[in-house]
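Colleague: Quick check, what structure comes out for this input:
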Amino acid sequence: MKKKAHIVIGLGYGDEGKGSATNYLCGNSLNPIVIRFNGGHQAGHTVMSNSGSKHVFSSFGSGTLQSIPTYWSNYCTVSPAHLLAEFEDLKVCPKLYIDAFCPITTHYDVLYNRALETTKGDKRFGSCGVGFGATIDRHNKIKFLFKDCFDPTIVNEHLKNIREYYREKINLETDYDFSQFEHEIADKDFRTDIKNIIDLSNNEVIIIANEEDIFKNDNWATYIFEGAQGILLDQSFGTKPHITKSNTSSKNALNLLHKNFRNEIQQIDINLHYISRCYLTRHGAGPFPTHEEPINLINFENETNVYNEYQGELRTGYLNIDLLNYALDCDNMYSSGLTKHLIITCLDQISSSNLTVYMDGKLQSLDVEKIPYLLKNRFRSTTLSYSANMKEIKEIKYPIPLSNISSKKPHKNPFELD
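Modeller: Numbers count the residues shown, from 1 in each chain. Down below sits the predicted model:
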């Protein structure tokens, strides 16, 4: 039987609805497993069940409420503290396969991240404040892998080295004195978290794994790759320094497939699902190319992206068609020729059947079904979502499978000045 792969990618700055899309695909797939392939616990993917219960996924895949297992690939960081806190909130018992080579986020990474962002003041990068970027940078010099958690001697050695690494950085790069913090207490709490992670492993809630355990296993007929953040924050395509330190495109997901199936890759039915809200959002500092006029939204009371000290308020604006085309062009570097689909979310939050978009420097009003025709990719289908859980959707399938097209020159980066 031919296996399937669905790759869920955000076309914006994150918060497009990737969690809902992943959950929807899980409910419509045969024997799926969700695979996180970038980012880490800084993701916040909201899923609402048909019964109305809601969960924001950060350290588990967004199919977990349906008892779908998750594979946390080694492209992703793991925060023991955040994982345990989320586990306590889950209403189901999850199954989480964590790659042995995932980088571990420690309390020192979080401390440095927050101290640096606070020091920057109004020039901050837009970090979530949970240590993801700091972990990636520190990992290049001092590695702390998930498999190391099972050896107390290695854990202690890593903590000692990481403490000294950040002692210098915090004293030199921030307004804080490293010695003012209670490091012994924080170390003790971290060791307790590690012990609790090991307990979950002993109970087979968490399973230490490698890529072969997942991709050479016939238990799963469908791989659902759940992306984090959006292409406009990609470390290669976003506007520096306001980026995330990961590949938010399909690059990592396709690398996993090609690396593990090699000559058999043609036997995998690969589909890419590009997600966008029907308006533009950005949570955190950085450029926001859209019309300055505020937009009026309805049914917005369940929005989970609320103010926090490091990102500020969620910004909203009219959907920018030029940005969508730029994001699609970026991903075409890896995904040209593959089957592609478009999912437009949050249509229950606008009061008109017509959608206002920003394109070529001006506002236009149009039927939402016209959006695919303004984009340079050609899609096999477009799904319009009118509810938080994608229960109310309209799917438009195109009668002829159209090939994906891209101009020879990439679409102009809307952030760059002439």
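Colleague: Please make it C-alpha for all contacts and neighbour counts, starting now.
Modeller: Fine.
Colleague: so what are the domain limits for the protein?
Modeller: 4-95+209-397, 107-206 (the TED database).
Colleague: okay, the ones you listed, which one's buried deepest?
Modeller: With neighbours defined as mean count of other CA atoms under 10 Å, the domains of the chain peak in mean count at domain 4-95+209-397, which reaches a mean of 20.
Colleague: Straight-line length of that one, end to end?
Modeller: By CA to CA, to the nearest Å, the extent of domain 4-95+209-397 from end to end equals 19 Å.
Colleague: could you give the mean pLDDT of that domain?
Modeller: The average pLDDT for domain 4-95+209-397 rounds to 92.
Colleague: does Ile224 sit in a helix, a strand or a coil?
Modeller: strand (DSSP: H, G, I helix; E, B strand; the rest coil).
Colleague: returning to what we had before: adding distance to Phe101, write the domains of the chain out as JSON lines.
Modeller: What follows is those, written out as JSON lines (distance: least, CA to CA, whole Å):
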{"stretch": "domain 4-95+209-397", "distance to Phe101": "5"}
{"stretch": "domain 107-206", "distance to Phe101": "5"}
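Colleague: which strand in this structure runs the most residues?
Modeller: strand 268-277 (DSSP state E).
Colleague: ok, and what's touching it?
Modeller: Here strand 268-277 makes contact (CA atoms under 8 Å, 6 or more residues apart in numbering) with 2-12, 16-18, 21, 319, 338-347.
Colleague: how big is the angle separating that strand from strand 222-226?
Modeller: 30 degrees (axes from the mean of the first three to the mean of the last three CA atoms, to 10 degrees).
Colleague: Looking at the contacts of strand 268-277, which are in helices?
Modeller: Lys18, Ala21 (DSSP state H).
Colleague: Please flag which of the contacts of strand 268-277 sit within strands.
Modeller: 3-10, 319, 339-345.
Colleague: Pick out the most distant pair among those.
Modeller: Using CA to CA, the ones in strands among the contacts of strand 268-277 span at most 34.8 Å, a distance reached by Lys3 and Leu319.
Colleague: tell me which strands and helices whichever strand or helix holds Cys330 is in contact with?
Modeller: Here Cys330 sits within helix 321-335, counting by DSSP states H and E. With contacts taken as 3 or more CA pairs under 8 Å, 6 or more residues apart in numbering; DSSP states H and E, helix 321-335 sits against helix 251-261, strand 354-359.
Colleague: Remind me what the helix or strand hosting Ala81 packs against, helices and strands.
Modeller: For Ala81, the element it lies in under DSSP H and E is helix 80-89. Secondary-structure packing of helix 80-89 (3+ CA pairs under 8 Å, 6+ apart): helix 183-202.
Colleague: Just checking: what are the partner strands of the very next helix or strand once past the helix it packs on?
Modeller: Using DSSP H and E, the helix or strand that directly follows helix 183-202 along the chain is strand 206-209. Using DSSP bridges, the strands paired with strand 206-209 are strand 96-99 (parallel).
Colleague: related to what we said a few turns ago, export the helices and strands packed on helix 321-335 to CSV and tack on distance to Glu212?
Modeller: Listed next are the helices and strands packed on helix 321-335 as CSV, based on distance: least, CA to CA, whole Å:
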stretch, distance to Glu212
helix 251-261, 7
strand 354-359, 45
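Colleague: Those: which one's closest to Phe288?
Modeller: strand 354-359 (12.0 Å).
Colleague: What's the separation between the most centrally placed residue in the chain and Pro80?
Modeller: Taking CA atoms, centre = their mean as the criterion, Ala228 is the residue nearest the geometric centre of the chain, at 0.8 Å. Distance of Ala228 to Pro80, computed by CA to CA: 19 Å.
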